[in-house]
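In: Test case, fold it:
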Amino acid sequence: MNLESLRRRLSSDEINALPLCHYEGPIHLVRSLEDWEKALPDLQQEQVLGFDTETRPSFRKGRVNTPSLVQLATARAVYLVQLSWWPFGPELAGLLADPAVIKAGVAIGDDMRELARLYPFKPAGMVDLGMVARAHQLTTQGLRTLAANLFGQRISKGPQCSNWSVMELSKVTSGALKCEKVHFDMGQLCDEVSERYDAVCAQNGWQLKLEIPDEELPVCADPDMMQRALHNLLGNAMHHIGEDGIFVLRALRCPEGVRVEVEDHGPGISAEDLPYIFDRYYRSRSDAGKQGTGLGLSITKAIFQQHGFRFGVHSTVGKGTVFWFIMTDTKDATAQ
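Out: Prediction:
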């Protein structure tokens, strides 16, 4: 491949037509000093590490959240450092400040500045692939477009990348995490959330159907909390996905405001389990033997209760389930 071909800008349609790249190696969670001490020998013997951070998005003007996850990749494995479990400090900062270990990524200067807000350090051994691309006059400098140009593959972030941790979310149920309402388009938020499921759907042969109108769906709510609620409901739908491999995210206008639904075609919920499905740690009979914390739906319930939204679930055994909620605080959003 010559440099001139790399300089050609690929269209979105060309990128979307490329095969989706799947990572199939081991992924290690780092949630404690003990976890870090186990990971460090593998990380230190590498000359080059892939590096990225994930930050919970903010829809509020002037507000920037701090990183919640640091991702480090060797040639053999990926390490995800969850900063809500094990705060950023001298141990991880020491590796990022080590000039002998190259950390390569896209727009990593911004990532380093945000991490330095958590614990002061001077990064070293950094290679920004976007800057390398600019130096060679490549028009494509983002991670997705670089992967497409260089490797002929499409990459997509999975939903777990920007999820809040269970520890942080549990603050919702206690009321420690307050609802901060802003005006936004719920249709746009649904669209952005649905994109996070491209990779997991492609990998498993599933389909997430997004059903939203062309018109805006203006609402007034806490968008961070709404994003978390959607991820919880979509994750639950995947957990119980039916043989057709289809689950649905739907948002539409209704007389009370905006109604949002998440539908699956799985085994359904029995009448005995249905009254308790939002209870903390409750596991239905169909969940026996499956992984999960039992917190997702109870946290979703707490989010809706903080907003004063009506919510519920309809289910038919053998046909599937629909979780729904109605966002009633839309008058102020329309007047904005």
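
In: just checking, next helix/strand downstream of the helix or strand where residue 300 lies?
Out: Assessed by DSSP states H and E, residue 300 sits inside helix 296-307. On the C-terminal side of helix 296-307, the closest following helix or strand by DSSP H and E is strand 310-316.

In: quick one: residue 79 and residue 31 touch, right?
Out: No. At 11.1 Å, residue 79 does not count as touching residue 31 under the criterion of C-beta atoms under 8 Å. Every residue, glycine included, has its C-beta placed from N, CA and C.

In: and these two? which has more neighbours close in?
Out: Ranked by neighbour count (other C-beta atoms under 10 Å), residue 79 and residue 31 place residue 79 first, with 22 against 16.

In: Tell me who's in contact with the more buried one.
Out: 27, 28, 30, 39, 42, 43, 71, 72, 73 (C-beta atoms under 8 Å, 6 or more residues apart in numbering).

In: Would you mark the buried spots in stretch 11-27?
Out: residue 15 (16 or more other C-beta atoms under 10 Å).

In: Can you give the contact residues for that stretch?
Out: Residues contacting stretch 11-27 (C-beta under 8 Å, 6+ apart): 76-80, 144-145, 147-148, 151-156, 198-199, 202-203.

In: Just the CA trace of that stretch, in PDB.
Out: What follows is stretch 11-27 as a C-alpha-only set of coordinates in PDB (Å, rounded to 0.1, in the frame of the first residue of the first chain):
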ATOM      1  CA  SER A  11     -16.500   7.800   2.800                       C
ATOM      2  CA  SER A  12     -18.800   6.600   5.600                       C
ATOM      3  CA  ASP A  13     -20.400   4.200   3.200                       C
ATOM      4  CA  GLU A  14     -17.000   2.700   2.200                       C
ATOM      5  CA  ILE A  15     -16.100   2.300   5.900                       C
ATOM      6  CA  ASN A  16     -19.400   0.700   6.800                       C
ATOM      7  CA  ALA A  17     -19.000  -1.800   4.000                       C
ATOM      8  CA  LEU A  18     -15.700  -3.000   5.500                       C
ATOM      9  CA  PRO A  19     -15.600  -6.200   7.600                       C
ATOM     10  CA  LEU A  20     -16.000  -5.500  11.300                       C
ATOM     11  CA  CYS A  21     -12.900  -6.200  13.400                       C
ATOM     12  CA  HIS A  22     -13.400  -8.400  16.500                       C
ATOM     13  CA  TYR A  23     -11.000  -8.600  19.300                       C
ATOM     14  CA  GLU A  24     -10.900 -12.200  20.600                       C
ATOM     15  CA  GLY A  25      -8.100 -12.200  23.100                       C
ATOM     16  CA  PRO A  26      -8.300 -12.000  26.900                       C
ATOM     17  CA  ILE A  27      -9.600  -8.900  28.700                       C
END
